[in-house]
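Asker: Structure here, sequence nowhere to be found:
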C-alpha cells in the first residue's frame with residue numbers, strides 16, 4: 001500500500017488579544033512506499049508527532065488529503081476509518097497504551113479480537129521470544145518495566161502485519177541492545193514483507209536503518225539528509 005500525503009497541514013488557533021493561528025505542520029506532500037523505512041528526526045515540539053498522527057488516520061489535517069492507494073482516509077466515516085486502521089495501519093504511540101486489566105499476551109492480541117479476527121498467537125509467541133518477554137505472557141502491565149511495556153506495544157503492532165507501521169519514539173525506553181533489536185526488526189519487517197515503516201525518533205542509531213531520512217524543524221520537512 002502506498003501512503004501519500006497531498007499538501008497536508010495542521011493549524012491550531014490561539015488567543016493573543018485577537019484570534020490567531022499557528023502551523024504545527026506547514027503544508028507538505030510526501031509518500032511512504034512499501035519496502036522502505038522512513039525515519040523522521042527533529043527536536044521536541046517540531047511537529048513530528050502531529051505529522052505522524054495525520055498520516056496514520058488519527059488526526060485530520062486542517063487542509064490537504066492523505067491517500068492510502070486510492071482511498072481518501074479522512075473521506076471515510078469514523079467506523080470505516082477505524083476498521084481501515086485496524087486492518088491496514090499499525091501505530092506504536094509514544095504514550096503508554098497498555099490495558100491494565102489484561103495480561104501482556106491479551107494486550108498484544110486485543111486489536112485482532114476487537115474485529116473478530118483470528119488471533120495471531122503463533123506470531124505473538126515468535127515476537128515475544130525474539131524481544132525476550134516470553135516469560136511475561138501472563139504478567140499484568142503493572143509488573144513490567146518501561147522497556148518491557150515498550151516492546152509489548154511494538155509486538156502488538158507487528159503481529160497485525162499492517163501495510164504501514166508508524167512508530168513514535170519506539171526505542172525511547174530501551175537500552176542499547178534492545179534498541180538495535182527493535183530497529184533491526186522494523187527494518188526486516190519493511191524489507192522482507194514489503195511493508196512501509198515510518199519512524200519518528202531522537203535516536204541516532206535509527207539513522208543507520210533508514211532508506212529515507214528527513215528532519216523536521218518548526219513544522220517544516222527539510223530535504224532528505226541522505227537517500
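Answerer: Thanks, I have the structure now. What you are looking at is a predicted structure, and each value in this text was computed from that prediction instead of being measured.
Asker: where's the spatially most central residue of the chain, which helix or strand?
Answerer: Taking C-alpha atoms, centre = their mean, the centroid of the chain lies closest to residue 166, which sits 2.0 Å from it. When elements are assigned from DSSP states H and E, residue 166 belongs to strand 164-168.
Asker: again with residue 9
Answerer: Judged by DSSP H and E, residue 9 forms part of strand 3-15.
Asker: so what does that strand touch, helix or strand wise?
Answerer: strand 19-32, helix 48-55, strand 63-68 (3 or more C-beta pairs under 8 Å, 6 or more residues apart in numbering; DSSP states H and E). All C-beta spots, glycine's among them, are computed from the backbone N, C-alpha and C.
Asker: Grab the nearest non-local neighbour of residue 221.
Answerer: Counting by C-beta to C-beta, 6 or more residues apart in numbering, the nearest residue to residue 221 once its immediate chain neighbours are dropped is residue 28, at 5.0 Å.
Asker: burial measure for the one you found, as a count.
Answerer: 19 (other C-beta atoms under 10 Å).
Asker: Ok, residue 50 next?
Answerer: Neighbours of residue 50 (other C-beta under 10 Å): 21.
Asker: List the contacts of it.
Answerer: 10, 24-25, 59 (C-beta atoms under 8 Å, 6 or more residues apart in numbering).
Asker: thinking again about what came up before, which one of the helices and strands packed on strand 3-15 has the most crowded surroundings?
Answerer: Counting by mean count of other C-beta atoms under 10 Å, helix 48-55 has the highest mean neighbour count of the helices and strands packed on strand 3-15, with a mean of 24.
Asker: Could you check the angle it makes with strand 19-32?
Answerer: If you take axes from the mean of the first three to the mean of the last three C-alpha atoms, to 10 degrees, helix 48-55 sits at 70 degrees to strand 19-32.
Asker: okay, the angle between helix 48-55 and strand 63-68?
Answerer: 70 degrees.
Asker: show me where pLDDT drops low in this structure?
Answerer: 15-19, 223-227 (pLDDT under 70).
Asker: re earlier: can I assume the residue nearest to residue 221 is in contact with residue 216?
Answerer: No - counting by C-beta atoms under 8 Å, residue 28 sits too far from residue 216 to count as a contact (9.4 Å).
Asker: who touches both of these two?
Answerer: Among the neighbours of residue 28, those also in contact with residue 216 (C-beta under 8 Å, 6+ apart) are residue 51.
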